[in-house]
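Undergrad: here is a sequence together with a model predicted from it:
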Amino acid sequence: VFALIVFSCLVGEGYTNLPSSPELFCIFNHNEDACRYGIGISLLALLACIFFFMVDIYFPQISNTTDRKYLVLADLGFSGLWTFLWFIGFCFLTNQWAWTLAEDVHVGADSARAAIAFSFFSIFSWVSEAAVAP
């Protein structure tokens, strides 16, 4: 859910333009990489959640213990990796938001703050996912 919120905040109001120009730029200090990183990790996290949800549904039907072990280890490893990537994303978005000039933000400040907040909340959700994986 947090990944979906971050994704929608960045896609919906993460890009803006100046009144004098039709060219869009990222609201985070005009740094396109900040928006791309946030959108990328949130989209991949959403897809991975769907995948692991499907694995959880079919997990009781898997009889091979080796396959079960690899799926659990994949879930644990992915959760650990994504915890780290969300931490990097939170730090990156927060840093770029701190350097953003107030006069450059006409619309979308609340979406930017929401993306930062839910990036922070995602860290703890992926830590809890990694804790319950084994």
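TA: Looks like it arrived, so ask away.

Undergrad: hey, which helix is longest across this structure?
TA: Secondary structure of the chain per DSSP state H: the longest helix is helix 65-98.

Undergrad: next secondary structure after the helix-or-strand element of the chain with minimal mean pLDDT?
TA: Lowest on mean pLDDT, DSSP states H and E among the helices and strands of the chain sits strand 15-16, with a mean of 88. Moving toward the C-terminus from strand 15-16, the next helix or strand (DSSP states H and E) is strand 25-26.

Undergrad: what's the separation between Phe53 and Arg68?
TA: Distance from Phe53 to Arg68, counting by CB to CB, to the nearest Å: 16 Å. Using the backbone N, CA and C atoms, a C-beta is placed for each residue, glycine as well.

Undergrad: and those two? which has more neighbours close in?
TA: Neighbour totals were compared for Phe53 and Arg68, and Arg68 leads with 14 against 9 (other CB atoms under 10 Å).

Undergrad: what residues are up against Ser122?
TA: Neighbouring residues of Ser122 by CB atoms under 8 Å, 6 or more residues apart in numbering: 2-3, 6, 45, 86, 90.

Undergrad: name the SS class of the residue nearest the centre of the chain, please.
TA: Centrality entry for the chain: nearest residue to the mean C-alpha point is Ser42, 3.0 Å, by CA atoms, centre = their mean. Judged by DSSP: H, G, I helix; E, B strand; the rest coil, the three-state class of Ser42 is helix.
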